[in-house]
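Undergrad: what follows is a predicted structure for the sequence shown.
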Amino acid sequence: SQQGEEDPQALSIQEGENATMNCSYKTSINNLQWYRQNSGRGLVHLILIRSNEREKHSGRLRVTLDTSKKSSSLLITASRAADTASYFCATATNTGGFKTIFGAGTRLFVKA
Amino acid sequence: EAGVTQFPSHSVIEKGQTVTLRCDPISGHDNLYWYRRVMGKEIKFLLHFVKESKQDESGMPNNRFLAERTGGTYSTLKVQPAELEDSGVYFCASSQAINSPLHFGNGTRLTVT
């Protein structure tokens, strides 16, 4: 069964606006990660937040984690056209063996 | 440092044929993972190697899929015989530690006709 589910599936914004993507998951986790994928390329790791952390920043990225609601959000501030990509959340879990589980992603399109 | 490399980048085969995908992880990364993405759906976990041992192969769809990592370096994923539903993008990733972020290759796009 799918562990992480991103919302929305697709998002279109103007350059300079903020983009918020959400992720919900089902089982307990060790950490949650966000990845970015440009078309035709592999996924690139953006940020990792541990299960005992609530918020983390990296440049224009801000990630929050609410383990009581089993949800996370990724905020990209002051978006740029180059931020256009698919964004995936991934949960690292020990349930049924250690593995990192991905969702279906959010497609972000930033219009110049 | 060289990244994760996958070969081929694209493969088009007919139903019933055999295809072997190869992944070269980042040197020194003991953990190697195979994932598959079908038609814009979630990136589905297939299996996880620690060195040459299969740590978790719970995501392998069926016995038509065989993954190996002889010597604990590169890995191969063989599909035999291929079916139409095997089409998708197969990603390989590696990591230094089991809890570390994953480094992905660019994937192999497999099309079974």
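TA: Yep, it's here. Numbers count the residues shown, from 1 in each chain, chains lettered A, B, ... in the order given.

Undergrad: what about the residue of chain B at minimum distance from chain A, neighbour count?
TA: At 3.4 Å from chain A, residue B:104 is the closest residue in chain B, using CB to the nearest CB. For every residue, glycine as well, the C-beta is placed using N, CA and C. Other residues within reach of residue B:104, judged by other CB atoms under 10 Å in any protein chain shown, total 23.

Undergrad: my guess is it contacts residue B:4. True?
TA: Yes. Assessed by CB atoms under 8 Å, residue B:104 is found in contact with residue B:4 at 6.1 Å.

Undergrad: mutual contacts of the two, please.
TA: With contacts taken as CB atoms under 8 Å, 6 or more residues apart in numbering or on different chains, residue B:104 and residue B:4 have A:42, B:92, B:93 as neighbours in common.

Undergrad: excluding its backbone neighbours, what's nearest the last one?
TA: Right, the one you point to is residue B:93. Closest residue in space to residue B:93, ignoring its immediate chain neighbours: residue B:102 at 4.0 Å, by CB to CB, 6 or more residues apart in numbering or on different chains.

Undergrad: do I have it right that that neighbour meets residue B:96?
TA: No. Contact criterion CB under 8 Å: residue B:102 and residue B:96 do not qualify, at 10.1 Å.

Undergrad: neighbour count winner among those two?
TA: residue B:102 (25 against 13).

Undergrad: any idea how far the more buried one lies from residue A:35?
TA: 8 Å (CB to CB, to the nearest Å).

Undergrad: shared neighbours of those two, anything?
TA: A:43, A:45, A:90.

Undergrad: re the thing from before, now, which of the shared contacts of residue B:104 and residue B:4 sits nearest residue B:58?
TA: Ranked by distance to residue B:58 (CB to CB), the shared contacts of residue B:104 and residue B:4 are led by residue B:93 at 16.4 Å.

Undergrad: just the element for that closest one, please.
TA: Assigned by DSSP states H and E, residue B:93 belongs to strand B:88-95.

Undergrad: who's in contact with the helix or strand just after that strand?
TA: Going down the chain from strand B:88-95, the next helix or strand is strand B:103-104, by DSSP H and E. Residues from elsewhere that reach strand B:103-104 (CB under 8 Å, 6+ apart): A:35, A:42-45, B:3-4, B:25-26, B:29, B:91-95.

Undergrad: quick one, which of the residues you listed are buried?
TA: A:35, A:42-43, A:45, B:4, B:25-26, B:29, B:91-95 (16 or more other CB atoms under 10 Å in any protein chain shown).

Undergrad: closest one of the residues you listed to residue B:66?
TA: residue B:92 (14.9 Å).

Undergrad: surely the closest one touches residue B:29?
TA: No. Using CB under 8 Å, residue B:92 is not in contact with residue B:29; the gap is 10.8 Å.

Undergrad: so what's in contact with these two at the same time?
TA: Joint contacts of residue B:92 and residue B:29 (CB under 8 Å, 6+ apart) do not exist.

Undergrad: ok, now which ones touch the residue most central in space within chain B?
TA: Per CA atoms, centre = their mean, the C-alpha nearest to the average position across chain B is that of residue B:34, at 3.5 Å. For residue B:34, the contact set (CB under 8 Å, 6+ apart) comprises B:23, B:46, B:47, B:67, B:75, B:77, B:90, B:91, B:92.

Undergrad: thanks a lot, catch you later.
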